[in-house]
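> Turn this into a structure:
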Amino acid sequence: MSTNLGQKRVLITGAASGIGRCFAETLAGRKAMLGLVDVSERALGEVVAFTATGGAKVESRIADVSDSTAVASAVE
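All right, here's what the predicted structure looks like:
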């Protein structure tokens with residue numbers, strides 16, 4: 001399936017590894033606008049670099065989703 005998601009915004013937590021990274025890479029290929037959140041700055045930076053090379057619009061935030069204050073700050 002090659003649906004263009006160019007006007008859709010997607011927030012992905014745990015985006016630096018596993019299924020979160022898989023979603024980020026897949027949706028970047030479909031041109032979704034991505035908001036990526038993870039606790040690992042280095043690993044998240046790698047995902048951002050990879051997804052942005054395909055032309056996707058990507059924003060990232062470092063946050064621990066178990067911390068409600070960090071999550072609120074990440075999505076502002």
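
> Report the separation between residue 53 and residue 46.
Here residue 53 is placed at a distance of 11 Å from residue 46 (CB to CB, to the nearest Å). All C-beta atoms are positioned from the backbone trio N, CA, C, and that covers glycine.

> again but with residue 24, I slipped
Look at residue 24 and residue 46: by CB to CB, they are 11 Å apart.

> What backbone torsions are found at the residue nearest the centre of the chain?
Centroid-nearest residue in the chain, with CA atoms, centre = their mean: residue 36, separated by 2.4 Å. Here is the backbone geometry of residue 36 (degrees, to the nearest 10): phi -110, psi 130.

> give the contact list for it.
12, 15-16, 20, 24, 44, 47-48, 51, 58-61 (CB atoms under 8 Å, 6 or more residues apart in numbering).

> Could you list the low-pLDDT ranges of the protein?
Scanning the chain for pLDDT under 70 picks out the ranges 1-2.

> Distance to residue 3 and neighbour count for the contacts of residue 36 - can I get that in CSV?
CSV is the format used below for those (distance: CB to CB, whole Å; neighbours: other CB atoms under 10 Å):
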residue, distance to residue 3, neighbour count
12, 17, 21
15, 20, 29
16, 25, 24
20, 20, 18
24, 16, 28
44, 25, 24
47, 21, 24
48, 22, 21
51, 17, 24
58, 18, 21
59, 21, 13
60, 23, 22
61, 26, 18
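
> ok, so of those residues, who is nearest residue 69?
Proximity of these to residue 69, judged by CB to CB, is greatest for residue 61, which lies at 12.8 Å.
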